[in-house]
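*Asks:* coords please:
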Amino acid sequence: MVVGLGNPGKEYADTRHNTGFRVIDALAEALEIKVKKRKFGARFGTGEFSSEKLILLKPWTFMNRSGQAVATAIGFYKLALSDLLVVTDDLALEPGRIRLRPKGSAGGHNGLADIIEKLATNEFARCRIGIGSGGEAAWQSQVDYVLSRPSDSLEIVTNRLYEGMFLVDAARAGSDWDGVIATIKKILDRAGAEIVSLRKWDDRKLAYEINGQTRGVYILCYFRVDGEKIPEIENSVRLSEQIMRVLILNAEQMTQEDIEKETPSAKAEKEGQKSEEEASEEEALEEDYDEQESDEEDSEEEQADEQSWEKEENEQDDDEEDSQDDDDSDSDLMPDERE
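*Replies:* You can find the predicted model right below:
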């Protein structure tokens, strides 16, 4: 069941605070589900998605009393908490940015707070969609801002999961570990990334020198960010004095279990790169060895040629001497007796 939070009535339609309602309307249109049934103090509709029954629900009891409609619907359909996703607006996130959480506090949102109270737990998933902040200069209060209508249509910014392998020289990682981690977090924070996991992954000898270093520590980080921010992260690493390299891969296919494993996809990528580098080094060594053997063979051939030339010259000298002797002998013969 997907629950979108908002306030009923034309005066609240399309306001920032009704982002949850707008998401339900968008899903209903895309999945051809009519959200017109009236029950539980809500408007709802049922349909199917990926061969599973789907309920789209909008509490019709105003935002601050959303919990009663949600609790009643869950009881009626005998749903587990794992079957519930609540969609709401979030003033702390920039407009359109999405944040998914499997559980958590209300974070100051009255609708979420009432659902937590009625269900007596916060162990349910929620999807927060940013509506930003108008600033005190533009709005007298947050209430005025959230109940206003955005000037432009709401654009959903989709954050994807990425895997980043940050390479730090071993000496620096050993002497200033906290500083290295703080630098990585700062780089990601500037890009608006949400860190999922960050830990030291491996310490190994490098296949080739980087910035004069022969050993490096790999720091593995999973984070969610707008894909357009990746070049910004890579550029920040290039300008950093603490981080030598970063390799960023799309990790959307990875589950939480995959993330917790010791063999992430970046390992295969890095091992593949290392194998290619080692193969290149071996090829270079083989070429050097072949060239050395070729030089030795050339040298032996040259020596053999010189010996052959000397032999030919000696034989030629002998032939010339024999020829001279023949000439001397022929000179005693009559012209018609010569060959």
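*Asks:* As a check, name the ranges of all strands in the chain.
*Replies:* Using DSSP state E, the strands found in the chain span residues 2-4, 37-39, 42-49, 52-59, 85-90, 98-101, 125-130, 160-169, 194-210, 213-225, 245-250.
*Asks:* looking at those strands, which is closest to residue 180?
*Replies:* Counting by CB to CB, residue 180 lies closest to strand 160-169 out of the strands of the chain; the figure is 5.3 Å. In short, each C-beta sits where N, CA and C put it, glycine included.
*Asks:* So what angle separates the directions of that closest one and strand 245-250?
*Replies:* With axes from the mean of the first three to the mean of the last three CA atoms, to 10 degrees defining the directions, strand 160-169 sits at 160 degrees from strand 245-250.
*Asks:* And the average pLDDT for strand 160-169 is what?
*Replies:* Taken as a whole, strand 160-169 has a mean pLDDT of 88.
*Asks:* Can you list the strands that that strand pairs with?
*Replies:* Here strand 160-169 is paired, per DSSP bridges, with strand 213-225 (antiparallel), strand 245-250 (antiparallel).
*Asks:* buried ones in the last one?
*Replies:* In this case it means strand 245-250. For strand 245-250, burial by neighbour count (16 or more other CB atoms under 10 Å) applies to 245-246, 248-249.
*Asks:* related to what we said a few turns ago, please identify the most buried of the strands of the chain.
*Replies:* strand 2-4 (a mean of 27; mean count of other CB atoms under 10 Å).
*Asks:* Parallel or antiparallel, which strands does that one pair with?
*Replies:* In the sheet, strand 2-4 lines up with strand 52-59 (parallel), strand 85-90 (parallel) (DSSP bridges).
*Asks:* would you turn the ones you listed into TSV with mean pLDDT and distance to residue 125?
*Replies:* Listed next are those as TSV, based on pLDDT from 0 to 100; distance: least, CB to CB, whole Å:
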stretch	mean pLDDT	distance to residue 125
strand 52-59	94	14
strand 85-90	92	5
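*Asks:* Nearest residue to the middle of this protein?
*Replies:* Residue closest to the average C-alpha location in the chain (CA atoms, centre = their mean): residue 162, at 2.5 Å.
*Asks:* For residue 129, list the residues it contacts.
*Replies:* 19-20, 23, 87-90, 93, 96-98, 154, 156 (CB atoms under 8 Å, 6 or more residues apart in numbering).
*Asks:* can you redo the strands paired with strand 160-169 as JSON lines with distance to residue 199 and mean pLDDT?
*Replies:* Formatted as JSON lines, the strands paired with strand 160-169 follow (distance: least, CB to CB, whole Å; pLDDT from 0 to 100):
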{"stretch": "strand 213-225", "distance to residue 199": "6", "mean pLDDT": "87"}
{"stretch": "strand 245-250", "distance to residue 199": "15", "mean pLDDT": "89"}
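*Asks:* Low-confidence ranges, the stretch 101-250 of the chain, go.
*Replies:* Scanning the stretch 101-250 of the chain for pLDDT under 70 picks out 133-141, 151-158, 173.
*Asks:* Which strand residues bridge the nearest residue to residue 93 once chain neighbours are set aside?
*Replies:* Closest residue to residue 93 apart from its sequence neighbours, by CB to CB, 6 or more residues apart in numbering: residue 130 at 2.7 Å. In this structure, residue 130 bridges to residue 90 when assessed by DSSP bridges.
*Asks:* For residue 130, give its distance to residue 149.
*Replies:* Computed with CB to CB, to the nearest Å, the distance linking residue 130 and residue 149 is 16 Å.
*Asks:* CSV please, covering the strands paired with strand 2-4 and showing distance to residue 105.
*Replies:* Formatted as CSV, the strands paired with strand 2-4 follow (distance: least, CB to CB, whole Å):
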stretch, distance to residue 105
strand 52-59, 20
strand 85-90, 12
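*Asks:* Out of these, flag the one nearest residue 8.
*Replies:* Comparing these by CB to CB, strand 52-59 comes nearest, at 7.9 Å.
*Asks:* Identify the residue nearest residue 28 in space, chain neighbours excluded?
*Replies:* residue 35 (4.9 Å).
*Asks:* where does that neighbour land on pLDDT?
*Replies:* 94.
*Asks:* Does it touch residue 24 like I think?
*Replies:* Yes: under the criterion of CB atoms under 8 Å, residue 35 makes contact with residue 24 at 6.3 Å.
*Asks:* any common contacting residues for these two?
*Replies:* 56-58.
*Asks:* Going by distance to residue 207, which of these wins?
*Replies:* residue 56 (53.3 Å).
*Asks:* For the closest one, give its distance to residue 23.
*Replies:* Taken as CB to CB, the span from residue 56 to residue 23 is 9 Å.
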